[in-house]
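S.K.: The following block contains a protein sequence and its predicted model.
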Amino acid sequence: MKFDEVDKENVEAVKEGSKNLIKHLKNDRLYNIPVIVSINKFKSDTTNEIKALESILKEEEFKYALNTSYVDGPKGGKDLAAIALDEIDKNNKIDFKPLVNKKMVLEEKIFVIANKIYLAGKFEYSTRAKKELEEYSAKEYADHDSVISKIPTSLSDGPKLLNVPENFTLHIDSFRLFTGAKFIVPFTGEIFTMPGLPKVPATKNMESTHKWFYGDCVKEELKKEILNSKYYKKVHLYLYSNKDDIPSFYYLKGIKRTLTELSIPFDEDFLDLNKNDKGNIDIFKTNSKDKMVVLARPLLVIMKTINTINW
């Protein structure tokens, strides 16, 4: 079914696509938890399509409710809320059971997940993956969990294997170790991980006379600014907060690292722009002119030298 035809009634497409839905619902049941289904009804969904889906859910013995919140607001979700509350009352002592446990070796963990969740039948490890599998199967990583990194458009690692493919070959290209979270992640097929940036980030082609930068991207421009300025003997960093901001020093890390590399001393303060604006302005005016002021707020860094600030 083509994307531009989704607004047209197609009961057979609903029946065919429901196979994938049912597989995901059955996957949830593997963890021994109750499952309910919200049928989110949109304007283009027809009565025949809804009935077809309800029939399939009844056959597979899944509880469901029609949810029209998208159109009707909160009242459209009352039936769903009632079913959810009923399930909570009936299952207040859920015996959740994970598919894998820490007694399993790494290869067994991968097999159980791939076989039971994705229905993979065979596994193919690249030369690199075989080497990393051996390395990460060591006892020191025995308590690490595993999650498979794969494309979201298929249960397999192949974008053309749609719906519910079975007994396919899962291609494991490499592994990645996350020691903090204690996860060992096999990467399958041609998966790309976030942030998924192009080889040349768009920021490379951006310019601003006001020196506005984002996060660690400030590094090279800041270095250039400092080295070309006579006001570089000392740098003062201000982390400032606006009304709805949650301040985070994370966004100053790149700046601090750069200043440290350049052996330029710096100090820092917290600045609340919601209180005593005039006092905040005085802070800048009274700073000696051998300092550069860097203002930083979550997601955004504004950097100006003292002599370029106009009040």
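M.R.: Structure's in. What do you need? Numbering: from 1, shown residues only.

S.K.: C-alpha from now on. contacts and neighbour counts both.
M.R.: OK.

S.K.: ok, the spatially closest residue to Ser18 that is not a sequence neighbour - contacts?
M.R.: Nearest residue to Ser18 in three dimensions, chain neighbours excluded: Leu53, at 7.2 Å (CA to CA, 6 or more residues apart in numbering). Listed by CA atoms under 8 Å, 6 or more residues apart in numbering, the contact set of Leu53 reads Val14, Lys15, Ser18.

S.K.: For the strand ranked longest in the chain, which outside residues touch it?
M.R.: What stands out as the longest strand in the chain, according to DSSP state E, is strand 168-178. Applying CA under 8 Å, 6+ apart, the contact partners of strand 168-178 are 114, 119-126, 128-129, 132-133, 136, 156-157, 183-189.

S.K.: So which of those residues are in strands?
M.R.: Ala120, Gly121, Lys122, Phe123, Glu124, Tyr125, Phe183, Ile184, Val185, Pro186, Phe187, Thr188.

S.K.: So which of those residues wins on neighbours?
M.R.: Thr188 (24 neighbours; other CA atoms under 10 Å).

S.K.: re the thing from before, neighbour-wise, give me the winner out of the contacts of Leu53.
M.R.: Neighbour max across the contacts of Leu53 (other CA under 10 Å) = Ser18, 18 neighbours.

S.K.: Now the longest helix seen in the chain: buried residues?
M.R.: Counting residues, the longest helix in the chain under DSSP state H turns out to be helix 11-29. Using 16 or more other CA atoms under 10 Å as the test for burial, helix 11-29 gives Val11, Val14, Lys15, Gly17, Ser18, Asn20, Ile22, Lys23, Leu25.

S.K.: my guess is the last one contacts Ile33, does it?
M.R.: No - in terms of CA atoms under 8 Å, Leu25 does not count as a neighbour of Ile33; the distance is 10.6 Å.

S.K.: Any idea how many residues pack against Pro265?
M.R.: 14.

S.K.: Please apply the same query to Ala142.
M.R.: For Ala142, using other CA under 10 Å, the count is 16.
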